[in-house]
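Chemist: output the structure for:
(one chain, ligands or ions: 1)
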Amino acid sequence: MSLDGAYDDGNIFAKIVRGEMPAVKVYEDAEILAFMDVFPQAKGHVLVISKTSKARNLLDAEPKTLGRVIGGVQKVARAVNAALKPDGIVVTQFNGAPAGQTVFHLHVHIIPRWEGVPLGRHAEGMADVEELKALAAQISAALES
Ligand code: AMP
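Modeler: The predicted structure follows:
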(Lines give C-alpha, C1' and ligand atoms only; values in the text may rest on other atoms or scores of the structure.)
Protein backbone atom coordinates (compact mmCIF):
# COMPACT_ATOMS: atom_id res chain seq x y z
CA MET A 1 0.00 0.00 0.00
CA SER A 2 1.29 3.44 -0.90
CA LEU A 3 1.38 6.41 1.42
CA ASP A 4 -2.00 7.56 0.13
CA GLY A 5 -5.22 5.63 0.54
CA ALA A 6 -8.11 4.89 2.85
CA TYR A 7 -7.92 3.34 6.31
CA ASP A 8 -9.10 -0.29 6.31
CA ASP A 9 -11.16 -1.16 9.40
CA GLY A 10 -10.37 -4.83 8.79
CA ASN A 11 -6.65 -4.49 9.53
CA ILE A 12 -5.27 -6.71 12.29
CA PHE A 13 -4.56 -3.90 14.77
CA ALA A 14 -8.10 -2.53 14.37
CA LYS A 15 -9.34 -6.04 15.21
CA ILE A 16 -7.10 -6.13 18.29
CA VAL A 17 -8.48 -2.74 19.42
CA ARG A 18 -12.06 -4.04 19.00
CA GLY A 19 -11.22 -7.23 20.91
CA GLU A 20 -11.81 -9.42 17.84
CA MET A 21 -8.21 -10.69 17.86
CA PRO A 22 -6.05 -11.57 20.87
CA ALA A 23 -2.98 -9.60 21.90
CA VAL A 24 -0.48 -9.95 24.74
CA LYS A 25 -1.06 -6.55 26.32
CA VAL A 26 1.55 -4.54 28.20
CA TYR A 27 -0.28 -1.26 28.80
CA GLU A 28 -3.63 0.26 27.89
CA ASP A 29 -5.49 3.48 28.55
CA ALA A 30 -8.36 5.27 26.81
CA GLU A 31 -6.15 6.43 23.93
CA ILE A 32 -3.37 3.91 23.37
CA LEU A 33 -2.55 0.22 23.59
CA ALA A 34 0.87 -1.41 23.92
CA PHE A 35 1.25 -5.13 23.19
CA MET A 36 3.94 -7.66 22.38
CA ASP A 37 4.94 -8.09 18.73
CA VAL A 38 4.25 -11.75 17.87
CA PHE A 39 7.11 -11.80 15.35
CA PRO A 40 9.67 -10.08 17.57
CA GLN A 41 12.95 -8.77 16.24
CA ALA A 42 14.34 -8.99 19.78
CA LYS A 43 13.23 -10.16 23.23
CA GLY A 44 10.79 -7.56 24.57
CA HIS A 45 9.71 -6.11 21.18
CA VAL A 46 6.58 -4.05 21.93
CA LEU A 47 4.20 -2.16 19.62
CA VAL A 48 2.34 0.99 20.64
CA ILE A 49 -0.83 1.93 18.74
CA SER A 50 -3.59 4.51 18.94
CA LYS A 51 -6.97 3.05 19.92
CA THR A 52 -8.96 6.02 18.67
CA SER A 53 -7.33 7.24 15.45
CA LYS A 54 -7.90 5.96 11.92
CA ALA A 55 -4.46 7.10 10.82
CA ARG A 56 -2.60 4.55 8.71
CA ASN A 57 0.75 6.19 9.26
CA LEU A 58 2.60 9.20 10.67
CA LEU A 59 1.60 11.41 7.74
CA ASP A 60 -2.12 10.76 8.30
CA ALA A 61 -2.08 11.19 12.04
CA GLU A 62 -3.51 14.10 14.00
CA PRO A 63 -0.78 15.85 16.07
CA LYS A 64 -2.75 15.06 19.24
CA THR A 65 -2.71 11.36 18.36
CA LEU A 66 1.03 11.48 17.76
CA GLY A 67 1.51 13.12 21.14
CA ARG A 68 -0.44 10.38 22.88
CA VAL A 69 1.33 7.61 21.02
CA ILE A 70 4.85 8.97 21.59
CA GLY A 71 4.03 9.60 25.26
CA GLY A 72 3.06 5.94 25.47
CA VAL A 73 6.23 4.93 23.67
CA GLN A 74 8.32 6.76 26.27
CA LYS A 75 6.35 5.22 29.14
CA VAL A 76 6.69 1.68 27.80
CA ALA A 77 10.35 2.13 26.73
CA ARG A 78 11.19 3.21 30.28
CA ALA A 79 9.46 0.08 31.59
CA VAL A 80 11.28 -2.12 29.04
CA ASN A 81 14.55 -0.59 30.24
CA ALA A 82 13.72 -1.14 33.91
CA ALA A 83 12.46 -4.70 33.37
CA LEU A 84 14.87 -6.13 30.81
CA LYS A 85 17.99 -3.96 31.20
CA PRO A 86 18.88 -3.82 27.49
CA ASP A 87 22.04 -2.05 26.29
CA GLY A 88 19.95 0.10 23.93
CA ILE A 89 16.42 0.57 22.62
CA VAL A 90 15.48 1.17 18.99
CA VAL A 91 12.23 3.05 18.29
CA THR A 92 10.99 2.68 14.70
CA GLN A 93 7.92 3.55 12.68
CA PHE A 94 7.35 2.69 8.99
CA ASN A 95 5.23 4.59 6.45
CA GLY A 96 4.06 2.72 3.34
CA ALA A 97 4.86 -0.79 2.13
CA PRO A 98 8.12 0.15 0.36
CA ALA A 99 9.36 1.52 3.70
CA GLY A 100 8.63 -1.80 5.42
CA GLN A 101 5.10 -1.19 6.74
CA THR A 102 2.95 -4.32 6.77
CA VAL A 103 0.03 -3.27 9.00
CA PHE A 104 -1.66 -0.04 7.96
CA HIS A 105 -2.74 1.25 11.36
CA LEU A 106 -0.37 3.80 12.94
CA HIS A 107 2.09 2.04 15.25
CA VAL A 108 5.54 2.44 16.75
CA HIS A 109 8.03 -0.35 17.48
CA ILE A 110 10.04 -0.48 20.72
CA ILE A 111 12.91 -2.93 20.21
CA PRO A 112 15.42 -3.59 22.99
CA ARG A 113 19.00 -4.31 21.87
CA TRP A 114 21.86 -6.10 23.60
CA GLU A 115 25.55 -5.82 22.72
CA GLY A 116 26.53 -8.61 20.34
CA VAL A 117 22.96 -9.85 19.75
CA PRO A 118 21.95 -9.32 16.11
CA LEU A 119 18.57 -7.85 15.27
CA GLY A 120 16.05 -10.46 14.07
CA ARG A 121 14.38 -10.10 10.70
CA HIS A 122 11.32 -7.86 10.51
CA ALA A 123 7.93 -9.66 10.87
CA GLU A 124 9.42 -13.18 10.73
CA GLY A 125 9.52 -16.06 13.21
CA MET A 126 6.55 -16.30 15.55
CA ALA A 127 7.26 -16.14 19.29
CA ASP A 128 6.01 -18.55 21.93
CA VAL A 129 2.90 -16.94 23.42
CA GLU A 130 3.73 -18.07 26.97
CA GLU A 131 7.16 -16.41 26.67
CA LEU A 132 5.50 -13.23 25.41
CA LYS A 133 3.08 -13.29 28.35
CA ALA A 134 6.00 -13.62 30.80
CA LEU A 135 7.83 -10.70 29.17
CA ALA A 136 4.65 -8.59 29.11
CA ALA A 137 4.14 -9.25 32.83
CA GLN A 138 7.73 -8.19 33.57
CA ILE A 139 7.38 -5.00 31.53
CA SER A 140 3.93 -4.18 32.96
CA ALA A 141 5.24 -4.57 36.48
CA ALA A 142 7.94 -1.99 35.72
CA LEU A 143 5.53 0.69 34.39
CA GLU A 144 5.63 3.96 36.28
CA SER A 145 2.23 5.36 37.26
P1 AMP B 1 5.08 -2.88 10.35
O2 AMP B 1 5.85 -3.77 9.42
O3 AMP B 1 5.84 -1.68 10.84
O4 AMP B 1 3.75 -2.56 9.76
O5 AMP B 1 4.88 -3.71 11.67
C6 AMP B 1 3.85 -4.59 11.89
C7 AMP B 1 4.31 -5.45 13.01
O8 AMP B 1 3.18 -6.10 13.52
C9 AMP B 1 5.33 -6.51 12.64
O10 AMP B 1 6.49 -6.35 13.42
C11 AMP B 1 4.62 -7.82 12.95
O12 AMP B 1 5.49 -8.74 13.51
C13 AMP B 1 3.56 -7.38 13.94
N14 AMP B 1 2.34 -8.16 13.97
C15 AMP B 1 1.60 -8.60 12.94
N16 AMP B 1 0.49 -9.21 13.37
C17 AMP B 1 0.51 -9.14 14.73
C18 AMP B 1 -0.36 -9.59 15.76
N19 AMP B 1 -1.49 -10.24 15.49
N20 AMP B 1 -0.01 -9.34 17.04
C21 AMP B 1 1.14 -8.69 17.32
N22 AMP B 1 2.00 -8.23 16.39
C23 AMP B 1 1.70 -8.46 15.11
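Chemist: for the chain, what lies in contact range of the ligand?
Modeler: Applying CB under 6 Å from any ligand atom, we find that the chain lies next to the ligand at 12, 21, 23, 37-39, 47, 94, 100-103, 123. (C-beta placed from N, C-alpha, C; glycine too.)
Chemist: now for the residue nearest to G96 when sequence neighbours are not counted: which residues touch it?
Modeler: Using CB to CB, 6 or more residues apart in numbering and skipping the chain neighbours, the partner closest in space to G96 is L3 (4.5 Å). By CB atoms under 8 Å, 6 or more residues apart in numbering, the residues touching L3 are 57, 59, 95-96.
Chemist: state the distance from L3 to the ligand.
Modeler: Taking CB to the nearest ligand atom, to the nearest Å as the measure, L3 falls 13 Å from the ligand.
Chemist: phi, psi of that residue?
Modeler: Main-chain torsions, L3, degrees, to the nearest 10: phi -70, psi -30.
Chemist: can you offset everything so residue one is 876?
Modeler: New numbering, starting at 876: the last item is L878.
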